[in-house]
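> Below is the structure, and that's it, no one-letter string:
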């Protein structure tokens, strides 16, 4: 079946511009996660959605970052007024209500010039 | 709060030699533990997981890990590595009843021919 998909796969933007990253989780997965992976570093948790509960936003690094999720489907991560330090691979993952494994998308590589 | 520590950022090892990648966690409640692997230029995939039961868990590609509650560790081992095992390995923890997963900073395994 279809896995987690993310778009775009690559995004180059100029400093100060806004960007939107999209994640399509596996159908039926109630949990959705966003992570950031800077070059040569580990995964940094950003935000977590679980069903209709309030999202856990504790990992968002600043108020320039926000994310939304429509029901139990698509999620968008928005970065406003991008800065060079936002350059990273942004990973999305989903998991089912009863499962424990996270399934990762291929990521979006964001480059801020 | 839960956290994961991977003390070794890089581990070089000769082909066919054994390897152990260390992972220590902290959590005040029962835990689920995971190892994920990220091959060069690929997404993350699950290597193995501990949910309950036997403390020795076997995963894909000949890897295994042992859950040690008293030492709060979940070290990953392989008796004989191959060139194809060159990748970055991430340990992760999820506390019981809480969906958020916390990842370690990763260990780069470099297999030397």
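Everything's here; your move. The shown structure was predicted, so the numbers you read here are calculated from the model rather than taken from an experiment.
> The closest residue to residue B:112 other than its chain neighbours: what's it in contact with?
Spatial nearest neighbour of residue B:112, chain neighbours left out: residue B:14 (5.0 Å); criterion: Cβ to Cβ, 6 or more residues apart in numbering or on different chains. Bear in mind the C-beta positions are built from the backbone N, C-alpha and C, glycine included. Shown in contact with residue B:14 (Cβ atoms under 8 Å, 6 or more residues apart in numbering or on different chains): B:111, B:112, B:113.
> same deal with residue B:64?
Taking Cβ under 8 Å, 6+ apart as the test, what residue B:64 contacts is B:48, B:56, B:57, B:58, B:76, B:77, B:78.
> Most neighbours among those, please name it.
Within the contacts of residue B:64, most neighbours by other Cβ atoms under 10 Å in any protein chain shown means residue B:76, with 24 neighbours.
> Unless I misread the structure, that one falls within a helix.
No: applying DSSP: H, G, I helix; E, B strand; the rest coil, one finds residue B:76 to be strand, outside a helix.
> any idea how far the nearest residue to it once chain neighbours are set aside lies from chain A?
Distance criterion Cβ to Cβ, 6+ apart; nearest residue to residue B:76, sequence neighbours excluded, is residue B:21 at 4.3 Å. The gap separating residue B:21 from chain A is 13 Å, by Cβ to the nearest Cβ, to the nearest Å.
> Confirm for me that residue B:21 is in contact with residue B:110.
No: counting by Cβ atoms under 8 Å, residue B:21 does not reach residue B:110; the two are 11.8 Å apart.
> between these two, who's got more neighbours?
Set side by side, residue B:21 and residue B:110 show more neighbours around residue B:21, with 25 against 14, by other Cβ under 10 Å.
> Enumerate every residue touching the more buried one.
With Cβ under 8 Å, 6+ apart, residue B:21 has these contacts: B:6, B:8, B:11, B:35, B:75, B:76, B:77, B:89, B:91, B:107, B:109.
> Correct me if wrong: the second one contacts residue B:22.
Right, residue B:8. Yes: contact criterion Cβ under 8 Å: residue B:8 and residue B:22 qualify, at 6.0 Å.
> which residues are in contact with both of those two?
With Cβ under 8 Å, 6+ apart, residue B:8 and residue B:22 have common neighbours residue B:107.
> avg pLDDT for stretch A:83-96?
Over the span of stretch A:83-96, the pLDDT mean works out to 95.
> and the most centrally placed residue in chain B, what are its bridge partners?
Nearest residue to the geometric centre of chain B (Cα atoms, centre = their mean): residue B:35, 3.6 Å. For residue B:35, the beta-bridge partners under DSSP bridges are residue B:48, residue B:91.
> Can you tell me how far it is from residue B:106?
Noted for residue B:35: a distance of 11 Å to residue B:106, by Cβ to Cβ, to the nearest Å.
> hey, what's in contact with both of those two?
With Cβ under 8 Å, 6+ apart as the test, residue B:35 and residue B:106 both reach B:89, B:90.
> List the buried residues in stretch B:27-37.
Within stretch B:27-37, the residues that count as buried by 16 or more other Cβ atoms under 10 Å in any protein chain shown are B:27, B:31, B:32, B:33, B:34, B:35, B:36, B:37.
> Going by distance to residue A:41, which of these wins?
residue B:36 (15.0 Å; Cβ to Cβ).
> roughly how far apart are the closest one and chain A?
Distance from residue B:36 to chain A, by Cβ to the nearest Cβ: 8 Å.
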